[in-house]
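Asks: got a structure for you, letters missing:
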Ligand SMILES: NC(=O)c1ccc[n+]([C@@H]2O[C@H](COP(=O)([O-])OP(=O)(O)OC[C@H]3O[C@@H](n4cnc5c(N)ncnc54)[C@H](OP(=O)(O)O)[C@@H]3O)[C@@H](O)[C@H]2O)c1
């Protein structure tokens, strides 16, 4: 009941209030996984709103770099390898990027659904990579961004979570566990007396990306729910990355962001 009331308050707030971060103030965003899918759409839309983006992925987004040569910075980094991430964080690229910004956004978007399958089929290295990419790196970046943005008067961290954080699915034990870790991280962070910091772990819906193609390509013996995802695609029930990114950005920039530590973008938009 309390939860429902909170969601209703949050959605009416989303309806009422324009984004409280005005793009006239200096806003900068760090987006992981900015080369494809939801992350590419997030980066594109932030840049289109005059928000400079630092994109972290294993490769570069050349189309976006051509369109926004002044405001897109890219770092090629394997975010599944926490020791490489720690090494990068020991340098001062992040501090330089956020220096002078009034508002700093971190969108922890990069993630993997692999390894898919029951526990006995999972490769140890793939488990370590998934925990690195889905949990260790987002938590390391969250802490590093908070430390680096000492002069910003507004810091916002969005973990891109999943419905799998809140419901268990066969074949997805690693994905479910890692996404649930992001949710619980957000719940605990809000209990600290952090200065000017909002955080929320947001499930983005089901989106037509490479990850969905990968899910539909899973062996049925590894992922018994495959047909459900094939059906969603067949029936045109997947969101586009662009529509999803618009909802996410509107939410992250809104006054309602951070009122609850865990949210589902579908619940917010259904009620508004
Ligand atoms: N698609 C859905 O239906 C859905 C549903 C719920 C939640 N989500 C979540 O939404 C987020 C985005 O999903 P998506 O569907 O857009 O994924 P996607 O299409 O697979 O794209 C993943 C992005 O992450 C980057 N990435 C992957 N592995 C990386 C690594 N080791 N190091 C650095 N970057 C890496 C990729 O870039 P490079 O390959 O260039 O490195 C790419 O830009 C994920 O956290 C996912 O769990 C998605």
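Replies: That came through, no problem. Fair warning: this is a prediction, and the values are worked out from it, not measured in the lab.

Asks: would you double-check that residue 53 falls in a strand?
Replies: Yes. Under DSSP: H, G, I helix; E, B strand; the rest coil, residue 53 sits within a strand.

Asks: surely it touches residue 35?
Replies: No. The pair residue 53 / residue 35 is not scored as a contact, 12.0 Å apart, by CB atoms under 8 Å. For every residue, glycine as well, the C-beta is placed using N, CA and C.

Asks: between the two, which has more neighbouring residues?
Replies: For residue 53 versus residue 35, neighbours defined as other CB atoms under 10 Å are more numerous around residue 53 (26 against 21).

Asks: how about the helices in the protein?
Replies: 2-16, 37-48, 62-67, 82-90, 93-98, 124-131, 137-148, 173-189, 210-216, 226-234, 241-253, 265-271 (DSSP state H).

Asks: contact residues of this structure facing the ligand?
Replies: Listed as neighbours of the ligand in the chain under the rule CB under 6 Å from any ligand atom: 33-39, 57-59, 78-80, 109-112, 133, 160, 162, 204, 206-207, 209-212.

Asks: nearest residue to whichever residue of the stretch 101-250 of the chain sits closest to the ligand other than its sequence neighbours?
Replies: Nearest to the ligand in the stretch 101-250 of the chain, going by CB to the nearest ligand atom, is residue 111, at a distance of 2.5 Å. With sequence-adjacent residues excluded and distances taken as CB to CB, 6 or more residues apart in numbering, residue 111 is closest to residue 134, at 5.1 Å.

Asks: any idea how far residue 183 is from residue 86?
Replies: Distance, residue 86 to residue 183, by CB to CB, to the nearest Å: 24 Å.

Asks: neighbour count winner among these two?
Replies: Between residue 86 and residue 183, counted using other CB under 10 Å, the more crowded position is residue 183 (21 against 13).

Asks: any regions of this structure where pLDDT drops low?
Replies: For the chain, the stretches with pLDDT under 70 are 1-25, 269-272.

Asks: again, only using 50
Replies: When residues are selected by pLDDT under 50, those of the chain lie in 1-9, 11-24.

Asks: using a markdown table, please lay out the helices of the chain together with distance to residue 28.
Replies: As requested, those are exported to a markdown table (distance: least, CB to CB, whole Å):
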| stretch | distance to residue 28 |
| --- | --- |
| helix 2-16 | 23 |
| helix 37-48 | 9 |
| helix 62-67 | 16 |
| helix 82-90 | 17 |
| helix 93-98 | 6 |
| helix 124-131 | 28 |
| helix 137-148 | 10 |
| helix 173-189 | 20 |
| helix 210-216 | 26 |
| helix 226-234 | 35 |
| helix 241-253 | 13 |
| helix 265-271 | 23 |
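
Asks: winner for burial among those?
Replies: Scoring the helices of the chain by mean neighbour count under mean count of other CB atoms under 10 Å gives helix 37-48 as the most buried, with a mean of 24.

Asks: what helices or strands is that helix leaning on?
Replies: Secondary-structure packing of helix 37-48 (3 or more CB pairs under 8 Å, 6 or more residues apart in numbering; DSSP states H and E): strand 27-32, strand 52-57, helix 62-67, strand 103-108, helix 241-253.

Asks: and with 10 Å instead?
Replies: Under the contact criterion of 3 or more CB pairs under 10 Å, 6 or more residues apart in numbering; DSSP states H and E, the helices and strands touching helix 37-48 comprise strand 27-32, strand 52-57, helix 62-67, strand 72-76, strand 103-108, strand 154-160, helix 210-216, helix 241-253.

Asks: wait, isn't residue 126 in contact with residue 134?
Replies: No. Checked against CB atoms under 10 Å, the pair residue 126 and residue 134 is beyond contact range at 11.7 Å.

Asks: mutual contacts of these two, please.
Replies: Shared contacts of residue 126 and residue 134, defined by CB atoms under 10 Å, 6 or more residues apart in numbering, comprise 80, 112, 114, 174.
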